[in-house]
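Participant: generate coordinates for the sequence data below:
(chains A and B)
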Amino acid sequence: MPPAATNYEIAQVCLLVGKIMLENGGETYRVEDTMSHIAEAFGIANSHSFVTPTGIIFSIDGPEQTTRLIRISSRSTDLRKVTVVNAVSRRISQGELTPNEAYALLESIQADQRRYPLWVQMLAAAIASGCFLIMFQGAWSDFLPAFVAGGLGTFALAYFHRLVPIKFFAEFLASLLIGFIAYLSVKTGFGHNLDTIIIGSVMPLVPGLLITNAVRDLMAGHFVSGVSKGAEAFLTAFAIGAGVAFVLTFYPGKGF
Amino acid sequence: MEMLEQLITSFISTSAFGIIFNVPRRTLVQCGFVGMVGWMLYFSFQKASVDPILATLIAAFVVTIVSQFFAKMYKTPVIVFSVSGIIPLVPGGLAYDAMRNVVQNHYDVAVQLAAKAFLLSGAIAIGLVFSEVIHVLVRRSRT
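Facilitator: Take a look at the predicted model:
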């Protein structure tokens, strides 16, 4: 029989689970849920967590109380990690893992940066842009311009984000490029309807998921997360709108 | 013909979004399917000139039900499927349109569009919550 896990070790596991989930697109309420389930599986009945998009506070009540805070500074969407962590938490609930084992496992998940290569993501964004154009009642003749603009826009986002770590700026430049390509294609007669091309190709950038998540959080009573996610979504939408509008003010085309 | 076109493009675009969000490879096809179901519902309602907010609500509701079913079947968090299903319904284009109007000083249009985008995302969120509530109720009544 190994020595019983200390509260500190349990809190470590819970916080790391929360951190990975939150950094990779897990919903706030589910993060809280998962953390308290894990604590329960390790025999801690009264744990409290306060999860916001920028930080987690986790506390274990009782005579040997522990309260810890971690900060979340980067957020992206990587649902594979969320899935893997979910599987780990399921194994913990079934009592298959000790806190130390779980912690080691989670650390290896955290370090694993396996993603689709950038060119596959670009291709996916390009195809999605083209398909969205058709879904939004665009003409097939505009498929190719949206394909090109969407793919290059995603590439620009990744590239500029690596160059300047300010998300707003990268989004602005990416949508600037999209606007420019869309304008160019209409100007040269390659594309036809500027508006549908732009809307189709900015779809991979728009914060649609964030907006819905924000409203979802507000409804669940997580006001801090709801409002901050809403602000983030607003900023992203603003960056994209500004980038496209910037191009359009220089080249007043039809409709403006 | 148009239906077929929408069917194929919505399937492809939602699974492409799955790649961007890095969902596990074995769930890509299911993600596409969920997206297709949601979009086809929304699209048919739109054809029948049902109010877009109601159409979005029902589509989001069905998407979540299907996602929950898949989540149980493949032992994966619901978010993997519901995200791809919801992407086409999300008023991202509207939000962008509203912002573009703000930057171009057309505030009246911008406020209208923003209010509509807000209501639509509210409808999606209600659809999500609704089906979650029903899911919980069904689970409770079984035990």
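Participant: now B:A110: closest residue in space, sequence neighbours ignored.
Facilitator: B:N101 (3.8 Å; Cβ to Cβ, 6 or more residues apart in numbering or on different chains). The C-beta positions use only the backbone N, C-alpha and C, and glycine is treated the same way.
Participant: which residue is nearest the centroid of chain B?
Facilitator: Per Cα atoms, centre = their mean, the C-alpha nearest to the average position across chain B is that of B:I86, at 2.0 Å.
Participant: who's in contact with that one?
Facilitator: With contacts defined as Cβ atoms under 8 Å, 6 or more residues apart in numbering or on different chains, B:I86 is in contact with A:G208, A:L209, A:T212, B:G38, B:A60, B:V63, B:I124, B:L128.
Participant: among those, which one lies nearest to A:T83?
Facilitator: For the contacts of B:I86, the minimum distance to A:T83 (Cβ to Cβ) is 16.5 Å, reached by A:L209.
Participant: element containing the closest one, please.
Facilitator: Taking DSSP states H and E as the definition, one finds A:L209 inside helix A:208-219.
Participant: so the residue nearest to B:A110, which of the three states?
Facilitator: Reducing the assignment at B:N101 to three states with DSSP: H, G, I helix; E, B strand; the rest coil gives helix.
Participant: any idea how far it is from A:Y116?
Facilitator: Summarising the geometry, the distance separating B:N101 from A:Y116, computed by Cβ to Cβ, to the nearest Å, is 35 Å.
Participant: ditto for B:S44
Facilitator: Relative to A:Y116, B:S44 is positioned 32 Å away (Cβ to Cβ).
Participant: where does the prediction get shaky in chain B?
Facilitator: Counting by pLDDT under 70, the ranges of chain B that qualify are B:143.
Participant: now the helices for it?
Facilitator: In chain B, the segments counted as helices under DSSP state H are B:2-20, B:28-47, B:52-74, B:78-86, B:92-103, B:107-142.
Participant: what would those look like in TSV with distance to A:T98?
Facilitator: What follows is the helices of chain B, written out as TSV (distance: least, Cβ to Cβ, whole Å):
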stretch	distance to A:T98
helix B:2-20	34
helix B:28-47	34
helix B:52-74	27
helix B:78-86	28
helix B:92-103	44
helix B:107-142	29
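Participant: show me where the stretch 101-250 of chain A has strands.
Facilitator: Under the criterion DSSP state E, counting those that start in this stretch, strands are not mapped anywhere in the stretch 101-250 of chain A.
Participant: for chain B, give me its nearest residue in it.
Facilitator: Of all residues in the stretch 101-250 of chain A, the one sitting closest to chain B is A:G241 (2.7 Å; Cβ to the nearest Cβ).
Participant: spit out the contact partners of the closest residue to that residue other than its chain neighbours.
Facilitator: For A:G241, the nearest residue in space outside its immediate sequence neighbours is B:M99; the separation is 2.7 Å by Cβ to Cβ, 6+ apart. Contact criterion Cβ under 8 Å, 6+ apart gives A:A237, A:F238, A:I240, A:G241, A:A242, B:A110 as the residues in contact with B:M99.
Participant: cheers, nothing more for now.
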